[in-house]
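Colleague: Need coordinates for the following:
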Amino acid sequence: MSSPGDRPPVLALWSAPRSRSTAFFRMMCERRDFQVLHEPFSYLAEFGEVEADGRTLRSEPDLLAALRDLGDREPLFFKDTTDERYAGVLADRGFLAHDAVHTFIIRHPAETIASYHALNPEVKRDQIGFEAQYELFEAVAEASGKVPVVIDSADLADRTEEVVKAYCAAVGIPYLEHALHWQPEARTEWRPSERWHVEVSVSTGIHRERRDHGLDVEHHPVLGGYLEHHLPFYEKLRAHRIVL
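Modeller: Now for the predicted structure:
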């Protein structure tokens, strides 16, 4: 079993939007052996600034430096979404190669598109995020010489304990069973984007949602094109997923 000193100083989870990444983040909060940051690059892109390490940061290089500083003091976990393309991350070879362990969570884009559209009917194609996610996956693989860990959120929802155990083993952290269950709460970390996280705020664990958005994405005149564009990137990522 891993000891605290074996944990990666910075552990990242990169997700296309609406892929159960906030539920995974909530589980990592419950572990209590990592500092946590919620979507720092996304917040920076959307709001022009983000709070981290007690500072207000306004550029990707400054945020990357803050993540390194935080990780030097205590293991740090952050999750982020790829509805934006983070040029500063892609350009920082050290961060991609060895200063952080980068992992990825995916979900079938027909599901993510329907879920995103329900919250924002004006969603644009690139916001669906799989193209940017795959670009980042390739950049990490090239810089590090290793295939990053990928989990499929359908597997996570259906076989939570087994997938979390496999994820922990793959990134070198102990599996903590108690972290799979929590009390419902709206975390302060996601307050700037709270309406996107309502389901997790009232949840007590990772589960498969029962909501039907009543949307035929494949045959939709606009969203069908989004699906056609992003599906190949999802399938390339899925080819590397943890298989139990």
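Colleague: C-alpha only now, for contacts and for neighbours.
Modeller: Fine.
Colleague: Which secondary structure state does residue 14 sit in?
Modeller: strand (DSSP: H, G, I helix; E, B strand; the rest coil).
Colleague: what's the answer for the one 4 residues further on, then?
Modeller: Going by three-state DSSP, the secondary structure assigned to residue 18 is coil.
Colleague: What separation do you get for the closest residue to residue 98 other than its chain neighbours and residue 34?
Modeller: In this structure, residue 98 finds its nearest non-sequential neighbour in residue 144, 6.7 Å apart by Cα to Cα, 6 or more residues apart in numbering. Residue 144 sits 23 Å away from residue 34, going by Cα to Cα, to the nearest Å.
Colleague: ok so, going back, identify the residues contacting the residue nearest to residue 98.
Modeller: Residues in contact with residue 144 (Cα atoms under 8 Å, 6 or more residues apart in numbering) are 96-98.
Colleague: By neighbours, which of these wins?
Modeller: Counting neighbours by other Cα atoms under 10 Å, residue 96 leads the contacts of residue 144 with 21 neighbours.
Colleague: Which of the helices or strands spans the nearest residue to that one once chain neighbours are set aside?
Modeller: Leaving aside its sequence neighbours, residue 96 sits nearest to residue 140 (Cα to Cα, 6+ apart; 5.0 Å). Using DSSP states H and E, residue 140 falls within helix 130-144.
Colleague: what residues are up against residue 14?
Modeller: 79-82, 102-105, 133.
Colleague: Mind checking which of those residues land in helices?
Modeller: Counting by DSSP state H, the part of the contacts of residue 14 found in helices is residue 133.
Colleague: As a check, name the ranges of all helices in the protein.
Modeller: 21-31, 40-47, 60-73, 87-91, 93-94, 109-119, 130-144, 153-158, 160-171, 198-201, 223-238.
Colleague: Touching the shortest one from outside, list them.
Modeller: Contacting residues not belonging to helix 93-94 are listed as residue 143 [Cα under 8 Å, 6+ apart].
Colleague: Counting neighbours, what do you get for the residue nearest to residue 96?
Modeller: 26.
Colleague: give the contact list for it.
Modeller: Residues near residue 140 by Cα under 8 Å, 6+ apart: 96-97, 102, 146-148.
Colleague: about what we covered before: is it possible to get TSV of the contacts of residue 144 that adds distance to residue 172?
Modeller: Shown next, in TSV, are the contacts of residue 144 (distance: Cα to Cα, whole Å):
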residue	distance to residue 172
96	18
97	16
98	14
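Colleague: how about those residues in CSV, adding distance to residue 187 and pLDDT?
Modeller: Below are the contacts of residue 144 laid out as CSV (distance: Cα to Cα, whole Å; pLDDT from 0 to 100):
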residue, distance to residue 187, pLDDT
96, 28, 98
97, 31, 97
98, 30, 95
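Colleague: one step back: for the helix holding residue 140, the distance to its chain's centre please.
Modeller: 13 Å (Cα atoms, centre = their mean, to the nearest Å).
Colleague: Much appreciated, bye for now.
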